[in-house]
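Peer 1: Predicted model and sequence below, questions to follow.
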Amino acid sequence: MPFASVLRAVQKTVPWAARSGTAWSTPPVAEQDQAVSNWCWLATTASVDAHYGGTVSQCQLAHLLLSQTGCCLSPSSAACNQTGDVEKALKTAGRHRSTSSLAGSPPHLAALQTALGSGEPPVGQVTFTGGGNHDVLLAACGVDPTGTAVVQVGDPAPLFNPTYLIWSQAHRYRGGVSWTHVCWTRR
């Protein structure tokens with residue numbers, strides 16, 4: 001999704017959002033804001049790397065993956081502000097374990113709980129109903145006061161970070177998405 005349209009969006013209370021008072025089973029993993037409009041894949045990768053104690057930045061990843069040298073000085077340049085493959089970025093940072101195709105449905109809650117319980121936050125990719133891919137950090141699992149399973153999504157688009165989803169309604173995230181794949185990460 002173009003960054004400019006994200007900034008013009010209006011945040012709303014929606015029925016699929018978790019209620020306040022959610023008990024998280026693990027501390028949420030922090031998601032960085034993407035530095036420029038097309039860097040969700042780089043922000044999420046840098047966030048995973050930072051979680052594991054690494055120091056790679058979004059622009060350093062851009063240099064490596066886009067074969068550029070000026071992305072730290074001019075990240076919004078046409079050469080640097082590019083979309084890319086989060087799986088390849090995670091591999092470059094040394095944080096990729098495996099990738100699972102999802103065929104539209106979100107990852108299974110039990111798999112998320114296992115990964116997060118091991119301290120290994122997964123990265124999900126969604127395709128918006130209106131088009132465009134977006135990478136997000138699946139940052140924490142919990143249960144809201146009604147006993148409903150919820151997931152904290154670290155969204156690198158600042159307006160949506162973090163988002164708390166009732167997981168059975170994850171397909172309704174940001175107006176409707178198809179979950180394409182999940183990357184499992186490693187230390």
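Peer 2: Happy to help now that I have it. Numbers count the residues shown, from 1 in each chain.
Peer 1: hey, where'd the helices end up in this structure?
Peer 2: With DSSP state H as the criterion, the chain has helices at 3-8, 40-51, 58-66, 86-92, 109-117.
Peer 1: Tell me how far the spatially most central residue of the chain lies from residue 69.
Peer 2: The centroid of the chain falls nearest to residue 136 when counting by CA atoms, centre = their mean (1.2 Å). Distance of residue 136 to residue 69, given as CB to CB, to the nearest Å: 29 Å. Quick note: C-beta positions are derived from backbone N, CA and C, even for glycine.
Peer 1: that older thread, most tightly surrounded among the helices of the chain?
Peer 2: Stretch with highest mean neighbour count among these: helix 40-51 (a mean of 27; mean count of other CB atoms under 10 Å).
Peer 1: avg pLDDT for that one?
Peer 2: The pLDDT scores in helix 40-51 average 98.
Peer 1: again with stretch 54-61
Peer 2: Here the average pLDDT along stretch 54-61 is 97.
Peer 1: distance from the centroid: which residue in this protein tops it?
Peer 2: Largest separation from the mean C-alpha position in the chain: residue 146, at 25.9 Å (CA atoms, centre = their mean).
Peer 1: and it, backbone torsions?
Peer 2: Main-chain dihedrals, residue 146, degrees, to the nearest 10: phi -90, psi 0.
Peer 1: From residue 138, how far out is it?
Peer 2: The gap separating residue 146 from residue 138 is 21 Å, by CB to CB.
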